[in-house]
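# Quick one, fold the following:
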Amino acid sequence: MTRMLPARDSTIDLYPTRLDEKRHMFERLDPVVYGHASSGPLAAHELDDYEENGYLFFPGFFTADQLADQVDELHRLRQRDDMKDRDGVVTEPRSSEIRSIFGVHANNALLSRLCRDPKIIGIARQLLGGDVYIHHSRVNYKPGIHGREFYWHSDFETWHAEDGIPRMRAVSCTISLTPNHEFNGPLMVVPGSHRWFVPCLGETPAGHYRESLKHQFIGVPEPDTLSRLVHEGGIRTLTGPVGSVIFFECNVMHGSNSNITPYPRSNVFLVFNSVENTPGEPFAARERRPEWIANRRNHAPVRPI
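Numbering: from 1, shown residues only. The predicted structure follows:
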């Protein structure tokens, strides 16, 4: 298991990106797993799998009955007439259907309880080696017929470039509120890709988040780099029933296809960041992203409910 590195100056850019000229990918400078088998619910072999592949997949982590209220809330929010005009609500690029609603851990009592489930928090704490806070949360709808793709990317590259998160000490978690079929745009990951940092080309435009949350063009890998990662690690498509949970390392390359079927693919998406890895000034953007997408105000450790 990788050992923690000594603390470093969080203002030093260890992962330069959004460059004028192409730079080859390089090995990450941070551990993958910060905790131990004795510090949480994951067994040693699960921690080893996470370190090797960059993700953990738990089909049926929750039962459908356990999530019935959250699924109802998902539909209720989508049907509210006032939702589309709110900050933190993103619509699909080619329709007015809701794509994502941000900040659900802070702004929705029912979904907040799910975000603070004891076992979810326990796994995040174990992977990151201590107290965590929620960097951001959202509901992703990916509606049927009109749900557009999320292109290949590393979450850390964006959080580092645009939010100023200095190190790879964060984990994403998705909780499925609808079935994830092989045909309705499920999450795809490239196993092992988290061991490499991929610098991206192009300056971050002003207000980039407005476009990137709909369709991302900046902060994505070059085709030859993506091909190399896929050739080495392959692609795994993660399908499962309502209640399935995926934890994936902040730097793993992932994406999802468009959904041209009638079946939506919706989930609650959480980002847990270590309280020792809080954001500073962006490393590769001229302005900070809004609070609803990058939590800068409240880094108090999240506690289970």
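
# what helix or strand is the residue most central in space within the chain on?
When the chain is reduced to its mean C-alpha position, the nearest residue by Cα atoms, centre = their mean turns out to be S172, at 4.0 Å. Taking DSSP states H and E as the criterion, the element that holds S172 is strand 170-176.

# who does that strand pair up with?
Paired neighbours of strand 170-176 in the sheet (DSSP bridges): strand 245-249 (antiparallel), strand 267-274 (antiparallel).

# can those go into CSV with extra columns for mean pLDDT?
As requested, the strands paired with strand 170-176 are exported to CSV (pLDDT from 0 to 100):
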stretch, mean pLDDT
strand 245-249, 98
strand 267-274, 96
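
# May I see these organised as a markdown table, with mean neighbour count and distance to Q79 added?
Any C-beta I mention is one placed from the backbone N, CA and C, and that applies to glycine too. Shown next, in a markdown table, are the strands paired with strand 170-176 (neighbours: other Cβ atoms under 10 Å; distance: least, Cβ to Cβ, whole Å):
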| stretch | mean neighbour count | distance to Q79 |
| --- | --- | --- |
| strand 245-249 | 24 | 26 |
| strand 267-274 | 25 | 18 |
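
# As TSV, those with distance to S112 would be great.
Formatted as TSV, the strands paired with strand 170-176 follow (distance: least, Cβ to Cβ, whole Å):
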stretch	distance to S112
strand 245-249	17
strand 267-274	10
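
# Among those, which comes closest to R303?
Taking Cβ to Cβ, strand 267-274 is the member of the strands paired with strand 170-176 nearest to R303, at 12.7 Å.

# Need the contact partners of the closest one.
For strand 267-274, the surrounding residues in contact (Cβ atoms under 8 Å, 6 or more residues apart in numbering) are 34, 70, 104-105, 111, 114-115, 120, 124, 128-140, 155, 159, 165, 169-178, 250, 302.

# Sitting in helices, which of those residues do you find?
In helices, defined here by DSSP state H, the members of these are Q70, V104, H105, L111, L114, C115, I120, A124, L128, D155.

# Setting aside sequence-adjacent positions, which residue approaches E182 most closely?
Among residues not flanking E182 along the chain, T239 sits closest, at 5.4 Å (Cβ to Cβ, 6 or more residues apart in numbering).

# Contacts only, for that neighbour.
By Cβ under 8 Å, 6+ apart, T239 lies in contact with P179, N180, H181, E182, P186.

# what do you get if the cut-off is 6 Å, keeping everything else the same?
Contacts for T239 (Cβ atoms under 6 Å, 6 or more residues apart in numbering) come out as N180, H181, E182, P186.

# farthest-separated two in those residues?
Between all members of the contacts of T239, the farthest pair (by Cβ to Cβ) comes out as N180 and E182, at 8.4 Å.

# Just want to know which of the two has more residues nearby.
For N180 versus E182, neighbours defined as other Cβ atoms under 10 Å are more numerous around N180 (26 against 10).

# Please report how far that one lies from L111.
Counting by Cβ to Cβ, to the nearest Å, the gap from N180 to L111 is 19 Å.

# can you check S95 too?
Going from S95 to L111 by Cβ to Cβ gives 24 Å.

# just L14 next, same as before
Applying Cβ to Cβ, the value for L14 to L111 is 34 Å.

# Compare the two (neighbour count), which wins?
Set L14 next to L111 and count neighbours by other Cβ under 10 Å: L111 wins out with 26 against 16.

# Give me the spatial nearest neighbour of that one, chain neighbours excluded.
Nearest-residue entry for L111: V104, 4.2 Å, with adjacent residues in sequence omitted and distances by Cβ to Cβ, 6+ apart.

# Confirm for me that that neighbour is in contact with H136.
No - using Cβ atoms under 6 Å, V104 is not in contact with H136, being 9.6 Å away.

# between the two, which one's more packed in?
A count of neighbours by other Cβ under 10 Å puts V104 above the other of V104 and H136, at 27 against 23.
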